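Asks: sequence first, predicted model second:
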Amino acid sequence: MLTHLNEKNMPKMVDVSNKDITKRIAIASGVITMSKDAYTAIKNNTAKKGPVLQTAVVAAVMGAKRTSDLIPMCHPLAINSVDIDIVDMQELLGFKLIAKVATQGKTGVEMEALSAVSVGLLTIYDMIKAIDKSMIISDIKLESKSGGKSGEYRREDGLHL
């Protein structure tokens, strides 16, 4: 049975009113790679639009908070925390953005973590595209989640946090 369709086969938001409130945490990550010039501009803080990585962190937090505005069937959640980390991947000429989102609620924060990663990486792209339009955003994925009826999930090939 499809959970997001009603008896008339029309879209609906799932009713979570009977679910238990539990602590829920989700961690997601993604990567952006670029040219040496773009990478150097970010590292040296010489991008014309300002501090790229710091702005990406703020954008990622905002992306987590606005997830239900972007994903049609996603419940608006009271997010308890969003923690963003950006790992320098010099060998790839890029960066890995990691988002950890937590709440206490009736539904999980996987979409919020994935949205945070996506918006953060898109912000990096936007801020440095004048130098390199061929940047590649890749490997956006859920690393782990906890809480709720389905319990724990940890990607086998994922981060070891």
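Replies: Cool, got the structure.

Asks: how about the secondary structure of the residue nearest to V61 when sequence neighbours are not counted?
Replies: Nearest-residue entry for V61: V82, 4.7 Å, with adjacent residues in sequence omitted and distances by C-beta to C-beta, 6 or more residues apart in numbering. For glycine as for every other residue, the C-beta is placed from the backbone atoms N, C-alpha and C. Assigned with DSSP: H, G, I helix; E, B strand; the rest coil, V82 falls in the strand class.

Asks: who touches the helix or strand bottoming out on mean pLDDT in the chain?
Replies: The helix or strand with the lowest mean pLDDT-type score in the chain, counting by mean pLDDT, DSSP states H and E, is strand 153-154 (a mean of 94). Contacts with strand 153-154, where a contact means C-beta atoms under 8 Å, 6 or more residues apart in numbering, come from L142, E143, S144, K145, S146.

Asks: wait, doesn't the residue nearest to V61 sit right on I98?
Replies: No. No contact is recorded between V82 and I98 when judged using C-beta atoms under 8 Å, the distance being 11.3 Å.

Asks: list the contacts for the residue nearest to V61?
Replies: A60, V61, A64, K65, A99, K100, V101, A102, E112, A116.

Asks: give the contact list for the fifth one.
Replies: Taking C-beta under 8 Å, 6+ apart as the definition of contact, the neighbours of A99 are 27-29, 60, 64, 82-84, 113-114, 116-117, 120.

Asks: quick check: closest non-adjacent residue to it.
Replies: Distances taken as C-beta to C-beta, 6+ apart place A116 nearest to A99, at 3.7 Å, with adjacent residues excluded.

Asks: do the same with A47
Replies: Here the nearest residue to A47 in space, its sequence neighbours aside, is A41; by C-beta to C-beta, 6+ apart that works out to 4.8 Å.

Asks: now M62
Replies: Distances taken as C-beta to C-beta, 6+ apart put V119 closest to M62, at 6.8 Å, once the chain neighbours are dropped.

Asks: cool, and I71?
Replies: If you skip the residues right next to it in sequence, I71 has M111 as its closest partner in space, 5.6 Å away by C-beta to C-beta, 6+ apart.

Asks: quick one: contacts for that neighbour?
Replies: With the criterion set at C-beta under 8 Å, 6+ apart, M111 makes contact with T67, I71, C74.

Asks: the first one: what's it in contact with?
Replies: It stands for T67. Contact partners of T67, counting by C-beta under 8 Å, 6+ apart, are C74, L77, M111, E112, S115.
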